[in-house]
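Visitor: 3D model of this:
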Amino acid sequence: MNTRSGKLFEQMKDQVLNIILESGLKPHDPLPSEGELADRFGVSRMTGKLALQALQEEGIVYRLPRRGTFLADVELEELRQSAGMKLAYDSKHPRRTGHYIALIVPSIDDYVGSIITSVELAAKEQGFEVVIKVTGDEAAEAKAVRSLSRQSDITGILLFPVDRKICGDHLLRLKLQKYPIVILDRQFNEIGFDSVSHDHYRGAYDMTSHLLRTGHREIGFITSHMNKVRSREERYQGYIDALLEWKVEIHADRMLFMEVNETGLTGVTAKQTAIQTFLNTDCKLTAVFCSDDFLAMSTLNAALSLGFKLPEQLSIAGFSNHSVLQYAQLRMTTVGQPMNDFGSSAVRLVMDRLDNPDGDPVTIRLKTELMTSDSTMSVI
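Guide: As a prediction, the model looks like this:
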């Protein structure tokens, strides 16, 4: 870029700042596009593009592919005081002075509790304390992400997202800023983030293969909404691929995709009723693999209420080794998710991202564990 174009580019940058200040824009409000800036100020589209890119590098705006340019989480008063405001997190000089790692979770249950314990132990070994934030929905999650990412004493964020497969603008912004954020137990479809999860596909494949090895050929599959959580898709695919590997014919009527939206006792009752109908419809099943342990419990209760003799007439397996299984009338066969390396893997990804902010996203898949017990038996 020559001196003349450089001066013009700086002037355009100042003009965009004036638009932000004079219009009283709020964080995440859209800004004029490159073409609109070119038309408005009589410059080339490239000049407008360079100005917006410079503002993005300074953390004043963020740009989303095919969506446009938006104002970042900045204070207008700070912009007035200094048009060259620095990023709270500078991707070229990663912040290493923070003493905390933030852990954001949607709720706290048995599984999330084990994640918290694992992360806290790993963080302590690296000299960090963990700040835990519980969110109930995506709006609260977004607010927590924005707030914690601006705090200079927080080195990075570990996020267990609210159920969904689309990441959301609050995460895209951090991705563009190269902020160290690691996604726990989830993956998003359109954007790659550093992530740690168990190998849901392999766990489901191994469980289905175990049932096949013990003589079962009529194996049902029950799952909750797959459109919200990618891990359920992976468990379903593991089930399908195991059947294909064993050359067992796949029947759609041996699968139940739950569409129950109710929660609490009403939801449990609705699920059990749906499972009872499913079992009555296809009495040829000799085994059912459920995508989580709660469904396995509901399936066990539904089968018993229908008079099935377990596991002689129907073997039942779950996924997760959740503590709810202690209340089952039979010791449940399930897929365990060991937590030994979960926290250390997540914390290590934060440290690695600080050292290499421009590197490709890293996905760590942890091994699952096949845990056989009284709810399944061989039919050979």
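Visitor: Look up phi and psi at Met255.
Guide: Backbone torsions for Met255, taken as degrees, to the nearest 10, come to phi -120, psi 140.
Visitor: So what sits opposite it in the bridge?
Guide: Phe221 (DSSP bridges).
Visitor: So it sits against Met226, correct?
Guide: No. With contact defined as C-beta atoms under 8 Å, Met255 does not reach Met226; the gap is 10.7 Å. C-beta: built from backbone N, CA, C; applies to glycine.
Visitor: so what's the residue nearest the centre of the chain up against?
Guide: Nearest to the mean C-alpha position of the chain, counting by C-alpha atoms, centre = their mean, stands Arg186 at 2.9 Å. Residues near Arg186 by C-beta atoms under 8 Å, 6 or more residues apart in numbering: 160-161, 195, 197, 229-231.
Visitor: Where do the helices of this structure begin and end?
Guide: Using DSSP state H, the helices assigned to the chain run over residues 3-23, 34-41, 45-57, 76-81, 110-125, 138-149, 169-177, 200-213, 230-245, 264-281, 293-305, 342-355.
Visitor: The second one: how far from the chain's middle?
Guide: What that stands for is helix 34-41. How far helix 34-41 lies from its chain's middle: 38 Å, per C-alpha atoms, centre = their mean, to the nearest Å.
Visitor: same check, this time on stretch 17-29
Guide: Counting by C-alpha atoms, centre = their mean, stretch 17-29 comes out at 32 Å from the chain centroid.
Visitor: quick one: buried residues of it?
Guide: 17, 20, 25 (16 or more other C-beta atoms under 10 Å).
Visitor: Which single one of these is nearest to Ile115?
Guide: Leu25 (37.8 Å; C-beta to C-beta).
Visitor: Distance check, the closest one against Leu31.
Guide: 7 Å (C-beta to C-beta, to the nearest Å).
Visitor: what do you get for Phe221?
Guide: In terms of C-beta to C-beta, Phe221 sits 48 Å off from Leu31.
Visitor: go on, Lys133?
Guide: Applying C-beta to C-beta, the value for Lys133 to Leu31 is 30 Å.
Visitor: so where's the protein uncertain?
Guide: The chain contains residues with pLDDT under 70 at 1-7, 76-97, 261-264, 282-283.
Visitor: try it again with 80
Guide: Low-confidence segments of the chain, defined by pLDDT under 80, are located at 1-11, 22-24, 58, 74-98, 164-166, 189-190, 225-228, 259-268, 282-283.
Visitor: wait, what's in contact with Tyr236?
Guide: 204, 221, 223, 226, 291.
Visitor: 7 Å instead, please
Guide: Residues near Tyr236 by C-beta atoms under 7 Å, 6 or more residues apart in numbering: 221, 223, 226, 291.
Visitor: cool, and Leu171?
Guide: Val145.
Visitor: could you check the distance from it over to Asp194?
Guide: From Leu171 to Asp194 the distance is 12 Å (C-beta to C-beta).
Visitor: Likewise for Glu34?
Guide: 30 Å.
Visitor: Could I get the buried residue list for stretch 248-256?
Guide: Quick answer for stretch 248-256 (16+ other C-beta under 10 Å): 254-256.
Visitor: ignore the last one, stretch 132-148
Guide: Under the neighbour-count criterion of 16+ other C-beta under 10 Å, stretch 132-148 has 133, 135, 138, 141-142, 144-146, 148 buried.
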